[in-house]
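> Provide a 3D model corresponding to the input given below.
(chains A and B)
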Amino acid sequence: MRSLAGDTLTTAQVASLSIFRAERRLHTLLQAYEGLEPAFAAAHRAIDARATHTEIDSWCTSIVSLLELNLGLGTLRAFLTLSQSWPPDRPLAELNTVGRSLHRIGREAGSAATQTLLDALPASLHKISGSSDLRRMLDVFTQLAEQAPESVMLVAARLPRILDGLNVSGFEIWLTAGLRAHGGSTRKRREYFAIDDPLSSSSTIDEFSGVERRLAMGIAALWDQRPLLRPTTARRASLIGGVVRLPDHFLGMTGDASDRMYWAATAHAGAHLAFSGPPFPVGKLKPLQIVLVSLIEDARVEQLAMRTMPGLARLWRPYHVAEASGQSAAAQLLARLSRALIDPTYRDDHGWIEKGRTLFEAAMPDWHTPDISRRIGGLLGNDIGQMRLQFNPRTHIVEPAYRDDNMGLWDFGDQPGELAEEIEIGAESVRLEQRERDDGKPNDRIDEASPRARPRQTAATEGILVARYPEWDYALGRLRPNWVTVRETEPNIATLPPEPMPLGSEMIARRMTAIARGAAIGRRIREKRQNEGEILDLDACIAAAVARRGGLPPDERVFQREKPGPRDLALLLLLDMSQSTNDKGRDGRSLLAVEKDAASILGAAFEAAGDALAIHAFNSDGRDKVRYVQFKSFSDPMDSIVRRRLSAMISEHSTRLGAALRHAGNHLKQQRAFRHVVVMLTDGEPSDIDVQDSAYLVEDARHAAQTLRRSGADVLAFGLGQGSFQALDRIVGAKFAFRVPRIETLPERMIQLYARLKT
Amino acid sequence: MTDKTATLDQYRIVDEPYYRQVGREIDLFSAAYASRMPVMLKGPTGCGKTRFIEHMAWRLGKPLVTVACHEDMTASDLAGRWLLDADGTVWRDGPLTTAVRGGAICYLDEIVEARQDTTVVIHPLTDDRRILPLEKRGELVRAHPDFQLVISYNPGYQSAIKDLKESTKQRFASIDFGYPEMPIETEIVRREAKVAADIAELLVKIAKHSRHLKGHGLDEGASTRMLINAGRLVEQGIMLDEACEVTLVAPLTDDNDVRRVLRDTIAACVP
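Numbers count the residues shown, from 1 in each chain, chains lettered A, B, ... in the order given. Here you go, the predicted model:
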């Protein structure tokens, strides 16, 4: 190699020259970050002790590339920490692979995601054996970063948990399947990648979710009923306790055919809700009689339905396709009877079918009473029983497929064990659903047989982010430094879709979104009588002309202009998730449920208005364990992931409010907005297990609120429930403390607050 | 004087506007008018409030001045303003002042749309004083003995920001309007759309189902006015499902799911 001067440099000299330059560059870059040089030095020492020169060079190159990428102090520190504590049993080459991958991931997905990955790596490394596996995993992440950058943080945050259930191959498969299936839609990708348990999502066909909303509206439109709708893995719909369960898919059906089937099933279920009476006691009825009574009841409610809505005949009849033929098992005869009862054009000469038809039609004046089903069904069931036809109660399934399993018609009461079991199994209901409460409200944790259920218990996590805050001791009159430890933990995500909100709340949500949209878009404020502006203010002009004619000096402010409307808002909603929020309000819903609803509603409205909302929650178990969870950060969209995080929220422990406020304040101030607001939802006074003096934490919370105010944020509080909340007056001031004794009115109050904040 | 009566003539209603009494609203309004009590008509859109007041104005033989309220309306729009002409300034009465001077019924439709600093102008008219101060003119107009103020108000759409103040609401007697019972609504649709009774009945049934979706997909169900429109199209030879699509489904919502539900519900009702 020749230099410009014509001298020959040796390879070694060249090499050392470039190393020298590289080191210079590295140090220049390091100096741009406060406190990074010492961290680098420590890491370098650790690496130096065990690596070759080439490895160290590689490592330095990685650091340089990360620095040049401007990923931020947090990410760099995290990498240096990782380097310093790189497990001795892992080759250093792996660390360099990590460094290189991070560069690519960081470039695509940004610094927050990269840092999350770095934070998750130490725990994940335990579960990855071997360099090739690690390399594969990093490649997968790089792929994710390139194709779905918004999802990197979601996956990285739960990487250790995912790797609990999957090996690296499985992880790769799961991830690439997700990218393939949901390539086009950011929202769907986020939903796919956010679940806790990848195994549970593996290809369960789900037609139900796509139609659920339409069916809920459909049953309201047709029948003025609003039951809860739920999916089931069973093959037939089921109505028990006022909950309508619909199959998550109908065998072999997709698209329009599936939609139509669901509509037929919903209309049929609604007919039962409208016309069927209290459950029949099973008494001494034999299985075939039970089946026949159910069949007649189906026919009866359908006839009543068709009286007011004749078009339903066109909907249901095509599903009855049984034909008259010679030999029949009981199942065929049942299907033929069903058809005979709904289709007047169907010809069937079988004596029993004729009898059934005659009996049913003769009972027409009494179709409004369920008793006729009992009577006619009992008779026909007896007849068919005596025919000794082939019939297996265990495998019997109601036909046609749009009809329900009729389990909701029966009161099994105290049955001689065997009989009850036969019938239950024969109807193919999902086994454990009978545990529902009879008023139709599901338990908060439903254990269904299907694998996809169960929102997870709150894991006893250590928490990812740790911050220390001072606490105000009012007796001493000063702050105790570093007194409280706040840990942030990652929220769990419910694998079940969240509960729908009660009807009133849905209306409120829509109104609120409408206000928000109206308040934000096009809401310009008109300022009249201005010195300058785009338009003339007619009234002012006339006044000026009048004045001039009158010989008086005219007021020259004759212009009018419009200025932008309400300025943007950043609101941090801080929810109390202490033990006491499990208490129930007047309508039977817990405080926690109401808090979640209010949060959802606010989220939707903010999204519509383009304002920034964060939903955080806290509880505490002593000053060392203040737990803080971000259900929705300012940058998260208000999508189903947030809702599912909210629905998995579990409340426990106590309320160390001051610390939570300080931590919330830190989050809030990082958000740019014209106006910053913290809104607390709480049901009680601040308290904690290690504090005896009830005033202590109140005063500390007051101090925290005042500090927040001084920094420019508003602090407001809603006191939920029956308490007197004098503490809240002390903490935020009586003007900013709102009482909500009837917690079901909380969403309404939130509207009012939002309206006030925006105007 | 001539100018005023001439102005008011254009507001007189000559032919009887058809109105089918649902409850006792005609009697109640007549009694309220007898003492010139201010009246508020409350109810969802398209259920006959405006038709009712037109009918009552005709029945009582008074001119009816209607003002459609909106957010940009100012007090001057109601009371009047100074304008310029070749000779100088001239005062032009607003519709409210015209009604007040001339003894007409003034009907402020959808009053909540107007801002509260505008609606406050009606307060002195709605108590015993029955005066309208025109500060810009330095005039205190005393209401003609025949003058009455009527407002309409749709409770469904109101938000926390836009609502009538209590002090305003309490000055009025209120008559509720809603969708009539099925036989009556059928009669109305039949007459207004000039359509066969069985079609009218079917349309009313469809509307009833759509109203179940209020708050659960729709802000409001189908109004009587929409049914009349549907009936009119059917009379012109359009198939019922198409007529419903155009007059009910499409105007009510843009949401595809809700549209499908409405269509399927209509199909279920049609024999």
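> quick one: low-confidence parts of the chain?
I went with chain A, as the question did not name one. By pLDDT under 70, the low-scoring segments of chain A are A:1-19, A:181-185, A:195-205, A:326-327, A:413-465, A:494-525, A:563-567, A:585-587, A:758-759.
> not quite, I wanted chain B
B:1-6, B:156-162.
> If we use 80, what do you get?
Where chain B drops to pLDDT under 80, the residues are B:1-7, B:87-88, B:116-117, B:155-165.
> Residues of it that sit close to chain A?
B:74, B:76, B:81-84, B:88-89, B:159-161, B:205, B:209-210, B:212-213, B:215-217, B:219, B:257-258, B:260-262, B:264-271 (Cβ under 8 Å from any Cβ of the partner chain). Every C-beta, even on glycine, is put in place using the N, C-alpha and C of the backbone.
> hmm, 6 Å instead?
By Cβ under 6 Å from any Cβ of the partner chain, the residues of chain B that approach chain A are B:82, B:84, B:89, B:159-161, B:209, B:212-213, B:215-217, B:257, B:260-261, B:264-265, B:267-271.
> If you count contacts, what does the strand or helix carrying B:Ile266 end up packed against?
Using DSSP states H and E, B:Ile266 sits in helix B:256-269. Packing partners of helix B:256-269 (3 or more Cβ pairs under 6 Å, 6 or more residues apart in numbering or on different chains; DSSP states H and E): helix A:208-223, helix A:311-316, helix B:197-211.
> Would you check how far apart the closest residue to A:Arg214 other than its chain neighbours and A:Ser85 are?
Excluding its sequence neighbours, the residue lying closest to A:Arg214 (Cβ to Cβ, 6 or more residues apart in numbering or on different chains) is B:Asp257, at 4.6 Å. Using Cβ to Cβ, to the nearest Å, B:Asp257 is found at 53 Å from A:Ser85.
> These two: who's more crowded?
Shown here are B:Asp257 and A:Ser85; by other Cβ atoms under 10 Å in any protein chain shown, B:Asp257 has more neighbours (18 against 11).
> Check the spacing between the more buried one and A:Leu215 real quick.
When Cβ to Cβ is the yardstick, B:Asp257 and A:Leu215 sit 10 Å from each other.
> One more: A:Leu668?
Distance from A:Leu668 to A:Leu215, by Cβ to Cβ: 41 Å.
> Contacts for the helix holding B:Ile266 next, please.
Residues outside helix B:256-269 that contact it (Cβ atoms under 6 Å, 6 or more residues apart in numbering or on different chains) are A:213-214, A:217-218, A:221-222, A:263, A:309, A:311-312, B:205-206, B:209, B:217, B:244, B:249.
> Please indicate which of these has the highest neighbour count?
Neighbour-wise, the contacts of helix B:256-269 (other Cβ under 10 Å) top out at B:Cys244, 31 neighbours.
> Just the buried subset of the residues of chain B next to chain A, please.
Among these, those buried by neighbour count (16 or more other Cβ atoms under 10 Å in any protein chain shown) are B:82, B:159-161, B:209, B:212-213, B:215-217, B:257, B:260-261, B:264-265, B:267-270.
> Tell me how many other residues crowd residue 224.
Since you didn't name a chain, this refers to chain A. Neighbour number of A:Asp224 under other Cβ under 10 Å is 16.
> think we crossed wires, I meant chain B
23.
> Secondary structure element for A:Leu80, which one?
helix A:73-84.
> Please tell me how far the residue most central in space within chain A sits from A:Ala194.
Nearest to the mean C-alpha position of chain A, by Cα atoms, centre = their mean, lies A:Arg644 at 1.9 Å. From A:Arg644 across to A:Ala194, the span is 8 Å (Cβ to Cβ).
> How about B:Gly102?
In terms of Cβ to Cβ, B:Gly102 sits 68 Å off from A:Ala194.
> Mind checking which of those two has more residues around it?
Comparing B:Gly102 with A:Ala194 by other Cβ under 10 Å, the one with more neighbours is B:Gly102, at 23 against 20.
> Three-state assignment for the nearest residue to the more buried one once chain neighbours are set aside, please.
Nearest non-adjacent residue to B:Gly102, counting by Cβ to Cβ, 6+ apart: B:Leu8, 4.3 Å away. Here B:Leu8 is recorded as helix under DSSP: H, G, I helix; E, B strand; the rest coil.
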